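In: Fold the following.
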Amino acid sequence: RVFPCVPELFEGLRQREIRTALATSSHKKHLQAVCDSAGLDLPRLADVLVTKEDAEASKPEPDLVIVAWEKLALAPAECAMVGDTIYDGQACRGAGVVFLGLLSGGTPADLLLESGACGVWRDTGHLYADLDHAARALGSRLRAPYMTLSFMALLVIPALKLSDKGLFDGDQFAFVPLAV
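Out: Numbers count the residues shown, from 1 in each chain. This next block holds a predicted model:
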């Protein structure tokens, strides 16, 4: 599957009362083509949809992320974004939100971490499988339990707590110290 466990992930977030935004650098027409190809109605899964038409500039500029948290009526400190490129990390930094990395877009973990990712997962299925841990960890990083999701090649959630061991590269996730 192109987007493993995405409907389950959105449902898991909804059950935890975490609001979501699907933010994509694509035009609505391209998003629809991706959805048709994947057999998913991604916009229906999210509370808010943000496309290229909604923002002045695309990633790595923070505009899409800012529009997403504005549509959710949240502060950036209440949000996190899932992405799979260094441009997602740069957009998060510019918008003031936590960045969560996915390897499924082809960007190596070290580059996602260098671009600001607090944690890295293989794909959306892996993130879903780790959702309880990730949501607990994310709650300690945000002022409220809400997050914003990004869609580029994939989408979805969570930041990891600081590890007193520093960087840990395991089969499940990577920890990196965050500036507080």
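
In: Extract the CA atoms of the helix or strand hosting residue 120 and return them as CSV.
Out: Secondary structure assignment for residue 120, by DSSP states H and E: strand 117-121. The C-alpha trace of strand 117-121 is given here as CSV (Å, rounded to 0.1, in the frame of the first residue of the first chain):
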residue,chain,number,x,y,z
ALA,A,117,12.9,16.2,12.9
CYS,A,118,12.3,15.2,16.5
GLY,A,119,11.8,11.6,15.5
VAL,A,120,11.9,9.4,12.4
TRP,A,121,9.6,6.6,11.5
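
In: Identify the residue nearest residue 56 in space, chain neighbours excluded?
Out: Excluding the flanking residues, the one nearest residue 56 by Cβ to Cβ, 6 or more residues apart in numbering is residue 63, at 5.3 Å. For glycine as for every other residue, the C-beta is placed from the backbone atoms N, C-alpha and C.

In: Am I right that the one you found is in contact with residue 51?
Out: No - Residue 63 is beyond contact range of residue 51, at 11.6 Å (criterion: Cβ atoms under 8 Å).

In: And the one helix or strand residue 127 maps to, how far out from the chain middle?
Out: Assigned by DSSP H and E, residue 127 belongs to helix 124-129. Helix 124-129 sits 12 Å away from the centroid of its parent chain (Cα atoms, centre = their mean, to the nearest Å).

In: What average pLDDT does it get?
Out: The pLDDT scores in helix 124-129 average 94.

In: mind listing what's buried in it?
Out: For helix 124-129, a neighbour-count test (16 or more other Cβ atoms under 10 Å) marks 124-129 as buried.

In: mind listing what residue 32 touches?
Out: Counting by Cβ atoms under 8 Å, 6 or more residues apart in numbering, residue 32 makes contact with nothing.

In: tell me the SS of it?
Out: For residue 32, the assignment made with DSSP: H, G, I helix; E, B strand; the rest coil gives helix.

In: Distance check, it against residue 47.
Out: According to Cβ to Cβ, to the nearest Å, residue 32 and residue 47 sit 19 Å apart.

In: Tell me which stretches of the protein form strands.
Out: 21-24, 48-50, 80-83, 98-102, 117-121, 149-151, 155-156, 168-169, 174-175 (DSSP state E).

In: All good on my end, thank you.
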